[in-house]
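Asks: Next come a sequence and a model predicted from it.
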Amino acid sequence: MSDATTPTPDTTGAPTPVVAGTAVAGTSIVEGEATAKRKPMPAWMKSKKIQPIISLVLLIAVWWAVTSAGLINSLYLPGPKAVWDAFIEANSCRPASEGSSRIVCGEQQYFLWQHLVVSLERIGVGMALGIVVGVLVGFILAEIGWLNRIILPYINFIRALPPLGYIGLLIVWFGIGDTTKIWLLFLAAFPPIVLATVDGINSVNRDRVNSALSLGASRPKAFLFVVFPSALPSIMNGIRLAIGFAWTTVVAAELNNGIPGIGALAYLSGTELNTPLTIACIFVIGIAALLLDWLILGITHLVTPWVGKE
Amino acid sequence: MANNNVLTWGELTEKKTMDDQGVAVDIRGVNKRFTTQQGDEVTALHDINLTINKHDFICVVGRSGCGKTTLLNMLAGFEKPTDGELVSGGVVIDGPSPKRGVVFQKPPLYPWLTVRKNVEFGMKMQGVPAAERKEKADHFLELVGLTSAADRRPYELSGGMQQRAQIARVLATEPDLILMDEPYGALDALTREKLQNELLRIWRERHSTVFFITHSVDEAIFLATRVIVMSAHPGTVKMDIPITIPRDPDDPDNMEKVRATPEFVQLREEITQAIYVQDDQE
């Protein structure tokens, strides 16, 4: 990097003390002038929506500049263009090699979006089971005190375990197929949902329940119409935690026989030194996680609009 | 709740006697003891005997810790006495019932329902048809002056409006006995006075029976037909004072006029004394 002799004000280029000295002096003068007659920030830069976009554009620009200047071996960090091409290539068909008549589609016999969909299907099934069983078990534990005291420590224990710690056992029990992955996701999602449900029900305001009973609600009706909606914000919070946890788990779980699957694709492409594709997969995994979280937040807002307003 | 419909012969006779004598609830020799977490036994209420007559407006005053709220919770059926019994309509109270409506200090309105749906909640739980529910909800919303806020959510209302919504919700189930636990404690003076007059009006129009807990001696004298003074450690009934000051909730100066009567001043002195003398002894 010290070879960079371009006269750009490079903040990191400070190996030679003489140059550094002048550079520092120069910047301090410029800064002094800037504070003296500081121009107000243009309105579009102040917009709260624009700021994160500016940072993203800058980040990609720096990435592009660093890679296209050849500062880093493209095997370690390919440029944005290469990653984009890998992303497009993984979603389309092309000749197997230059001039070949054989056509290959996607990567590892599937398009990238198919890898993603399969991972999302796994998380969908695992989460659905986790939500249904977790909420039901939570209801039962919250209502039956002695059962709660017996069972809850075990659920806490499972929650504390990293799921990959017991995937070996699950493979022995259920094989290397999808059954194991769904069990793994279920076991990842289930404990936070149970705990959130129990907590939500136990912290329901007593007056709310008592008022329902003295307005003529039977106990089952009071549970359905008052206790459950009161606990819903906590349950939704548990689901949000669970889905984040499940997503990190599914990607890691696909290291074993995970094709098709986005986590497996990210791992395999790395082992094949196809770093552009690995980075494309990392972006897809990250963006999918953000979208999942955003989806859950949207649903939460839809079903419990009163949260934070009381 | 199980015995609401079918009464035994003994209960029927008892109900008839109580109805003939105009008794709403008979509290007979009630004791309530708690065990604290340290294992100490605390007597919250000791030998409470009190007859609540129909159309009584009872205000209960006393220092904190005198067991007022415990007594209200037992009347509501949220708690059971250690000894003795509370009998209403010939039946021992053993759980919450819509016959005894409860107005809580902090309105436990349901934020997932609109104000109207909150008011309809009790009727819905009791299987009242939708058309009738709507009609009654409209009536009670108008009664408490919330017609224009009917489709808003509880958290969009001020504290006073929330309390009025709660009162409408309780009244809509037409309870025989309305239990109120410091309902106006958290409100500003102006709203408080307005709601006090409203409550007097409703009580007069609907011939309800009210059991009202308050910290304010003024409020008690202003509202009640009977003021019950309770003393603490253990909680007992110390005085039972009938109030006969004429009140007209339709008169805008009602409060001022009541305050100006010599009886008001004298009663206030007497009741305040009754609460404080005990304080000095401890």
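Replies: Nice, thanks for sending it over.
Asks: Provide a list of residues in contact with residue 106.
Replies: All of this refers to chain A. A:90, A:91, A:92, A:93, A:112, A:114, A:115 (Cβ atoms under 8 Å, 6 or more residues apart in numbering or on different chains). C-betas here are computed from N, CA, C, even on glycine.
Asks: Not quite, go with chain B.
Replies: A:207, B:186.
Asks: Regarding it, what is its secondary structure?
Replies: coil (DSSP: H, G, I helix; E, B strand; the rest coil).
Asks: now swap in the one 5 residues further on and tell me
Replies: Three states are possible here, and by three-state DSSP the one that applies to residue B:111 is coil.
Asks: what's the burial count for it?
Replies: When neighbours are counted by other Cβ atoms under 10 Å in any protein chain shown, residue B:111 registers 20.
Asks: Check the one 5 residues further on too.
Replies: Close neighbours of residue B:116, defined as other Cβ under 10 Å, add up to 21.
Asks: just the one 4 residues further on next, same as before
Replies: Using other Cβ under 10 Å, residue B:120 is surrounded by 24 other residues.
Asks: Residue B:205: neighbouring residues, count only.
Replies: Residue B:205 has 10 nearby residues by other Cβ under 10 Å.
Asks: Quick check: end-to-end length of stretch B:232-251?
Replies: Terminal residues of stretch B:232-251 are spaced 37 Å apart (Cα to Cα, to the nearest Å).
Asks: mind listing what residue A:147 touches?
Replies: Residues near residue A:147 by Cβ under 8 Å, 6+ apart: A:140, A:141.
Asks: Please convert the contacts of residue A:106 to TSV, extending it with secondary structure and pLDDT.
Replies: Output for the contacts of residue A:106, formatted as TSV (DSSP: H, G, I helix; E, B strand; the rest coil; pLDDT from 0 to 100):
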residue	secondary structure	pLDDT
A:90	coil	80
A:91	coil	84
A:92	coil	82
A:93	strand	83
A:112	helix	86
A:114	helix	89
A:115	helix	89
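Asks: Need the max-distance pair from the residues you listed.
Replies: A:93 and A:115 (15.4 Å; Cβ to Cβ).
Asks: Same drill for these two, tell me which one is more crowded.
Replies: residue A:115 (26 against 10).
Asks: how much space is there between the residue lying closest to residue B:191 once chain neighbours are set aside and residue B:190?
Replies: Of all residues not flanking residue B:191 in the chain, residue B:160 sits nearest, at 3.8 Å (Cβ to Cβ, 6 or more residues apart in numbering or on different chains). Distance of residue B:160 to residue B:190, given as Cβ to Cβ, to the nearest Å: 9 Å.
Asks: more neighbours, the two?
Replies: Neighbours around residue B:160 and residue B:190, counted as other Cβ under 10 Å, are more numerous at residue B:160. The numbers are 17 against 9.
Asks: Just say helix, strand or coil for the more buried one.
Replies: Under the three-state scheme (three-state DSSP), residue B:160 adopts helix.
Asks: elements contacting whichever strand or helix holds residue A:198?
Replies: Following DSSP states H and E, one finds residue A:198 within helix A:178-202. For helix A:178-202, the elements it packs on are helix A:112-143, helix A:145-160, helix A:167-174, helix A:228-253, judged by 3 or more Cβ pairs under 8 Å, 6 or more residues apart in numbering or on different chains; DSSP states H and E.
Asks: Can you tell me which of those is most buried?
Replies: helix A:228-253 (a mean of 22; mean count of other Cβ atoms under 10 Å in any protein chain shown).
Asks: Extract the C-alpha set from the very next helix or strand once past it and format it as PDB.
Replies: Downstream of helix A:228-253, the first helix or strand assigned by DSSP H and E is helix A:262-271. Extracted in PDB, the C-alpha atoms of helix A:262-271 (Å, rounded to 0.1, in the frame of the first residue of the first chain):
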ATOM      1  CA  ILE A 262     -28.000 -21.700   0.400                       C
ATOM      2  CA  GLY A 263     -25.800 -22.500   3.300                       C
ATOM      3  CA  ALA A 264     -24.400 -25.500   1.600                       C
ATOM      4  CA  LEU A 265     -23.800 -23.500  -1.600                       C
ATOM      5  CA  ALA A 266     -21.900 -20.800   0.300                       C
ATOM      6  CA  TYR A 267     -19.700 -23.500   2.000                       C
ATOM      7  CA  LEU A 268     -19.100 -25.600  -1.100                       C
ATOM      8  CA  SER A 269     -18.200 -22.600  -3.300                       C
ATOM      9  CA  GLY A 270     -15.700 -21.600  -0.700                       C
ATOM     10  CA  THR A 271     -14.100 -25.000  -0.700                       C
END
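Asks: Okay, angle between helix A:262-271 and helix A:228-253 too, please.
Replies: 30 degrees (axes from the mean of the first three to the mean of the last three Cα atoms, to 10 degrees).
Asks: Past helix A:262-271, which element shows up next along the chain?
Replies: helix A:275-303.
Asks: Would you indicate which residues of that next one are buried?
Replies: Neighbour counts over helix A:275-303 (16 or more other Cβ atoms under 10 Å in any protein chain shown) mark A:275-281, A:284-285, A:288, A:292, A:296, A:300 as buried.
Asks: same check, this time on stretch B:57-70
Replies: B:57, B:58, B:59, B:60, B:61, B:62, B:63, B:66, B:67, B:68, B:69, B:70.
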